[in-house]
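Chemist: Curious how this folds, go ahead:
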Amino acid sequence: MSAIKMYINGQWVKSQSMKTYMDYSPVNDANYAEIYDADRNDMQQAIDAAHKAFPAWAALSPEERADYLLKVADALEKNGDEISKHLIEEIGSWVGKSKADLTTSIAFWRAGAKIPFMVEDEILTSPIGKKSMVKRSPLGVVSVITPWNVPLNLSSRTTSGILAVGNTVVLKPSEESPITGGIVLAKAFEDAGVPPGVFNVVTCSRKHVAEVGDEMVSNPLIKAISFIGSTTIGRQIATKAGSLFKKTSMELGGKDALIVMDDADISKAVTAAAFGAFFHAGQICIGTKRIYVDQKIATEFTNRFVAKTKALGIGDVRDFAKPIGPLINPAALEKIKQQLNDAIDKGASVLAGGKHEGLYFEPTILTNVTKEMDTYGNETFGPIVAIYPYTTIAEALQEINAVDYGLSGAVMAGSDEKAMKVAMQMESGMCHVNDGTIYGEPLAPFGGMKNSGMGRYGGKASVDSFTQQRWITVEQGTRHYPPMFNE
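Modeler: Numbers count the residues shown, from 1 in each chain. Now for the predicted structure:
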């Protein structure tokens, strides 16, 4: 199989250096594909193409841009079986997750076709009778950097809204998911007949991430940056972009909490906790990492949750009965092991799991986790969750909000009203009542607060994030200048 090319200016191209790298499959523990390895020069080429394509794309009517986005959705749907296979093989998605990733990605493009019609002008009242308007216009070329864990979904979530409002895009998918994070999407754009340069995909290895990423921020033709990934890298990008007065939208790490109140439906709470903590082997930014349970039901909840966790199938992700697949690579495994061993060494107890075979790490439940442990306040990107019994809801909220992250949250209670009061006090960009932490809708504002990022994606939120306001006035003969200035 020949190396997979990048998509720049509507053409499939090799890297200018002709260098390639190997895309690793955690499922097969082997190389999956050979990918062209870009450097700064390739990214410059893509940015130039996007810049040249911008005026014509921005000038299209909302109907015309919407029609293209719908054609992208149709192309993804047509190639669905092949895409699902790539999601399983390239990043170790469980077969159920691969289908969900594909379905939601298609939904983002179809919902994105509504966003061009959400770009609304505003008429202001002028104190002197001018015709005063606020108009929104696209920014220009937007850099999009996406992670590997839900690659097609996250590339679609961000890019659909950015393109819908008239911007053009250069996308760099993760080096761990170049095919599912970018190449399959580029193929859909080609099939949809989207004009050249509107959407560009540049792939690179970890060796070239720094220089390619720097070009995506510092190039003067780039007007905004969308980044989904770690808080550490996000902070570096935001700092540099800020110094250049460029707009950023960041979805970063999470340490998401599920609260189970004393009158919650325990069966429903166990289900939400298991899915939230262990879906995609816990490699989800909005996954449940902390469970706060009222001490009056803590024993029953914990016993049932442990039993459910031990029953989850681990292994071949092509088997629907085995939802727990591999960690993405050996480095991820080592980080999870370090966090677990640190917690155990400092007094945490393991109620379930804690072992691994290769990259397959057992779903793990901890108790007695304290602030001195690395896993208490830092993101854990794997199948480890901690249970914290609480005496009062005020005590639970204080601990939850003390952590620097604030992406998603969830509250389980006997009544929606009771849960809502608690949800409104959680410091998170999103919160779900009587549901788990993992949830999203195509047109809802998706994003976090604190160290979990800034900016939002979806619907009107994408309009706010990826357009700029301009104030335009039309003089109606009502403004008077001082007499000495009159001709």
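Chemist: contacting residues for residue 293?
Modeler: 260, 301, 302, 387, 388, 389, 390 (Cβ atoms under 8 Å, 6 or more residues apart in numbering). (Each C-beta comes from the backbone N, C-alpha and C, glycine too.)
Chemist: What is the longest helix seen in the chain packed up against?
Modeler: The residue-count maximum for a helix in the chain (DSSP state H) belongs to helix 40-59. On a contact count with 3 or more Cβ pairs under 8 Å, 6 or more residues apart in numbering; DSSP states H and E, helix 40-59 meets strand 6-8, strand 131-138, strand 141-145, strand 168-172, strand 199-201, helix 209-218.
Chemist: Now it - C-alpha only, CSV.
Modeler: As requested, C-alpha coordinates have been extracted for helix 40-59 and formatted as CSV (Å, rounded to 0.1, in the frame of the first residue of the first chain):
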residue,chain,number,x,y,z
ARG,A,40,6.3,24.0,7.9
ASN,A,41,6.6,24.4,4.1
ASP,A,42,3.6,22.1,3.5
MET,A,43,1.5,24.0,6.0
GLN,A,44,2.4,27.3,4.4
GLN,A,45,1.2,25.9,1.1
ALA,A,46,-2.1,24.9,2.7
ILE,A,47,-2.6,28.3,4.3
ASP,A,48,-1.9,30.0,1.0
ALA,A,49,-4.5,27.9,-0.7
ALA,A,50,-7.1,28.6,2.0
HIS,A,51,-6.4,32.3,1.9
LYS,A,52,-6.9,32.4,-1.9
ALA,A,53,-10.1,30.4,-1.6
PHE,A,54,-11.6,32.6,1.2
PRO,A,55,-13.1,35.5,-0.8
ALA,A,56,-15.2,33.3,-3.1
TRP,A,57,-16.3,31.0,-0.3
ALA,A,58,-17.3,33.9,2.0
ALA,A,59,-19.2,35.5,-0.9
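Chemist: So residue 291 is in contact with residue 264, correct?
Modeler: No: proximity of residue 291 to residue 264 does not meet the contact threshold set by Cβ atoms under 8 Å, at 11.4 Å.
Chemist: The contacts of residue 293 in strands, which ones?
Modeler: 260, 387, 388, 389, 390 (DSSP state E).
Chemist: Tell me the pLDDT of the first one.
Modeler: Read it as residue 260. The confidence metric pLDDT takes the value 98 at residue 260.
Chemist: What residues are recorded as beta-bridge partners of it?
Modeler: For residue 260, the beta-bridge partners are residue 293, residue 412 (DSSP bridges).
Chemist: go on, the third one?
Modeler: Listed by DSSP bridges, the beta-bridge partners for residue 388 are residue 292.
Chemist: domain ranges for this structure?
Modeler: As recorded under automatic domain parsing, the domains making up the chain are 6-252+452-472, 256-433.
Chemist: ok, the closest residue to residue 305 other than its chain neighbours - contacts?
Modeler: Ranked by Cβ to Cβ, 6 or more residues apart in numbering and with sequence neighbours excluded, the top spatial neighbour of residue 305 is residue 270, at 5.0 Å. Residues near residue 270 by Cβ under 8 Å, 6+ apart: 301, 304, 305, 308.
Chemist: And the first one, how far from residue 126?
Modeler: Spelled out, it's residue 301. Counting by Cβ to Cβ, to the nearest Å, the gap between residue 301 and residue 126 amounts to 60 Å.
Chemist: any idea how far stretch 455-473 is from the chain center?
Modeler: Taking Cα atoms, centre = their mean, to the nearest Å, the mean C-alpha location of stretch 455-473 is offset from the chain mean by 19 Å.
Chemist: ok, now stretch 228-247?
Modeler: 15 Å.
Chemist: now do stretch 350-358
Modeler: For stretch 350-358 - counting by Cα atoms, centre = their mean - the centre lies 28 Å from the chain centre.
Chemist: Okay, now it: how far is its last residue from its first?
Modeler: Terminal residues of stretch 350-358 are spaced 20 Å apart (Cα to Cα, to the nearest Å).
Chemist: sorry, back to before: who wins on neighbours among the ones in strands among the contacts of residue 293?
Modeler: Taking other Cβ atoms under 10 Å as the neighbour criterion, residue 260 ranks highest of these with 29 neighbours.
Chemist: is it true that that one touches residue 271?
Modeler: No: between residue 260 and residue 271 there is no contact under Cβ under 8 Å: 11.6 Å.
Chemist: list the buried ones in the helix or strand where residue 398 lies?
Modeler: In the assignment (DSSP states H and E), residue 398 maps to helix 393-402. Within helix 393-402, the residues scored as buried using 16 or more other Cβ atoms under 10 Å are 393, 396, 397, 400, 401.
Chemist: Residue 336: which of those residues is nearest?
Modeler: residue 400 (22.5 Å; Cβ to Cβ).
Chemist: Report the spatially nearest residue to the closest one, omitting neighbours in sequence.
Modeler: residue 257 (4.6 Å).
Chemist: packing partners for the strand or helix carrying the one you found?
Modeler: In the assignment (DSSP H and E), residue 257 maps to strand 256-260. Secondary-structure packing of strand 256-260 (3+ Cβ pairs under 8 Å, 6+ apart): helix 266-278, strand 288-294, helix 393-402, strand 409-412.
Chemist: let's see 10 Å
Modeler: Judged by 3 or more Cβ pairs under 10 Å, 6 or more residues apart in numbering; DSSP states H and E, strand 256-260 is in contact with helix 266-278, strand 288-294, helix 298-310, strand 384-390, helix 393-402, strand 405-406, strand 409-412, helix 416-423.
Chemist: tilt between it and strand 384-390?
Modeler: Here the directions of strand 256-260 and strand 384-390 differ by 40 degrees (axes from the mean of the first three to the mean of the last three Cα atoms, to 10 degrees).
Chemist: Convert the helix or strand containing residue 73 to CSV, retaining C-alpha atoms only.
Modeler: For residue 73, the host element (DSSP H and E) is helix 62-78. What follows is helix 62-78 as a C-alpha-only set of coordinates in CSV (Å, rounded to 0.1, in the frame of the first residue of the first chain):
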residue,chain,number,x,y,z
PRO,A,62,-26.1,30.8,3.0
GLU,A,63,-28.0,28.4,0.8
GLU,A,64,-24.9,27.6,-1.3
ARG,A,65,-22.7,27.0,1.7
ALA,A,66,-25.4,24.9,3.4
ASP,A,67,-25.8,22.8,0.2
TYR,A,68,-22.1,21.9,0.2
LEU,A,69,-22.2,20.9,3.9
LEU,A,70,-25.1,18.6,3.2
LYS,A,71,-23.1,17.0,0.4
VAL,A,72,-20.2,16.4,2.7
ALA,A,73,-22.6,14.6,5.1
ASP,A,74,-23.9,12.5,2.3
ALA,A,75,-20.4,11.5,1.2
LEU,A,76,-19.5,10.5,4.8
GLU,A,77,-22.6,8.4,5.0
LYS,A,78,-21.9,6.7,1.6
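Chemist: Quick one: the domains of the chain as a markdown table, columns for distance to residue 442 too.
Modeler: Converted to a markdown table, those look like this (distance: least, Cβ to Cβ, whole Å):
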| stretch | distance to residue 442 |
| --- | --- |
| domain 6-252+452-472 | 3 |
| domain 256-433 | 14 |
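Chemist: Run through who's touching stretch 468-483.
Modeler: Stretch 468-483 is contacted from outside by 121-122, 124, 126-140, 223-224, 247, 486-487, using Cβ atoms under 10 Å, 6 or more residues apart in numbering.
Chemist: I'd like to know which of those residues are buried.
Modeler: Using 16+ other Cβ under 10 Å as the burial test, the contacts of stretch 468-483 include 126, 130, 132, 136, 138, 139, 140, 223, 224, 247 as buried.
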